[in-house]
Each structure stands twice: as structure tokens, then as C-alpha cells.
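Student: 3D, please:
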Amino acid sequence: MTASPDTSPGSEIDLLVPRPLKRDLDALDRLETFLYLIPVIGILPSMWAIYRRQRDNRQLAVCRLSILLAFIWLSTYMSLNIGADVSGSSAIGFRLLFLNGLATSSYFMTSLWLMMLLWQKKSLRLPGFSTLAERTIRQN
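Tutor: Below is the predicted model:
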């Protein structure tokens, strides 16, 4: 006896069922935006997206914000580390390293908070920082 394929309505392969393209593109865009918001690592795809200019305005704004936050964190991190190394007093060096830890934690928490806002489909604008990112990182 040969088994005949089941032809009931629920037995179709899910890959062959047409799905709305708009919903899949929105999910892919959100996934790309999550990639841009990853702390430290997300700066590379953000810079690539800004360079290529093949994203919509909302994603480019998130890329600019990601680059600005990473640049602010990196400059603060390096400045406080250099200050801690140069300071002659261990108490001042400890305070600068403590501030360095606060700055790093703030950067990571801000990135995670922006990811949470993206997941909730809310606006990803940070007051002051978003406008600064728009003014400093422009497309020509």
C-alpha cells in the first residue's frame, strides 16, 4: 500500500502559503534597527548604512543617533581613563574610573532602553541628542 499525501486544509506547507510582504519587511527593518542600536558593535553597521544611504529616513536617524552616542561614550571613556592614569593621587584616579564606569553603564542602558522602545514600536528620539545627531552627522 502506498500512502497518499494528506490533502486536508491544515496540512499545507507553511512556506508555500502566501504571506503579506509588508509585515515581513517591517519585521526585517526592525531587526536591522536593533542591529544599529547594539552598544559598541552597532556603530559599524550604522556607519555603513549612512555611507550607503539605502535606508529610509527613520533608520538613518537611528544610525546617526547610534553613532553620536558611541562617539560621546568613547571620548568620555578615553578621557576619563587618561585622566585616571595621569593623576598622581589614587583617590582622584579611583573617582575618575568610577565616573568611567557610570558613563559606560549609562551608554549601555540607553542603548537597551532604545531597543525596548523599538520593540514597543515607539519613537526613538532622545531630546537634545537626536537633534544634535541630525545637525552633526549629515548626508551630503
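
Student: Phi first, then psi, for the spatially most central residue of the chain.
Tutor: For the chain, L37 is the residue whose C-alpha lies nearest the centre (C-alpha atoms, centre = their mean; 0.6 Å). Main-chain torsions, L37, degrees, to the nearest 10: phi -90, psi 0.

Student: you'd agree it is up against L117?
Tutor: No - using C-beta atoms under 8 Å, L37 is not in contact with L117, being 9.4 Å away. Every C-beta, even on glycine, is put in place using the N, C-alpha and C of the backbone.

Student: burial of I137, as a residue count?
Tutor: Using other C-beta atoms under 10 Å, I137 has 19 other residues around it.

Student: mind showing which ranges of this structure have poor pLDDT?
Tutor: 1-25, 139-140 (pLDDT under 70).

Student: could you redo the last one with a cut-off of 50?
Tutor: Counting by pLDDT under 50, the chain shows low-confidence ranges at 21.

Student: how about the helices in this protein?
Tutor: Secondary structure of the chain (DSSP state H): helices at 21-36, 43-52, 57-86, 90-119, 129-136.

Student: Give me the contacts around the last one.
Tutor: Where contact means C-beta atoms under 8 Å, 6 or more residues apart in numbering, the residues beyond helix 129-136 that reach it are A61, R64, L65, I67, L68, L69, L124.

Student: got the residues you listed as JSON lines, with distance to F94 and neighbour count columns?
Tutor: Output for the contacts of helix 129-136, formatted as JSON lines (distance: C-beta to C-beta, whole Å; neighbours: other C-beta atoms under 10 Å):
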{"residue": "A61", "distance to F94": "39", "neighbour count": "17"}
{"residue": "R64", "distance to F94": "35", "neighbour count": "24"}
{"residue": "L65", "distance to F94": "32", "neighbour count": "25"}
{"residue": "I67", "distance to F94": "31", "neighbour count": "21"}
{"residue": "L68", "distance to F94": "29", "neighbour count": "21"}
{"residue": "L69", "distance to F94": "26", "neighbour count": "23"}
{"residue": "L124", "distance to F94": "36", "neighbour count": "20"}
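
Student: what's near enough to touch the nearest residue to Y107 once chain neighbours are set aside?
Tutor: Spatial nearest neighbour of Y107, excluding adjacent residues (C-beta to C-beta, 6 or more residues apart in numbering): W73 at 3.9 Å. By C-beta under 8 Å, 6+ apart, the contact set of W73 is A103, T104, Y107.
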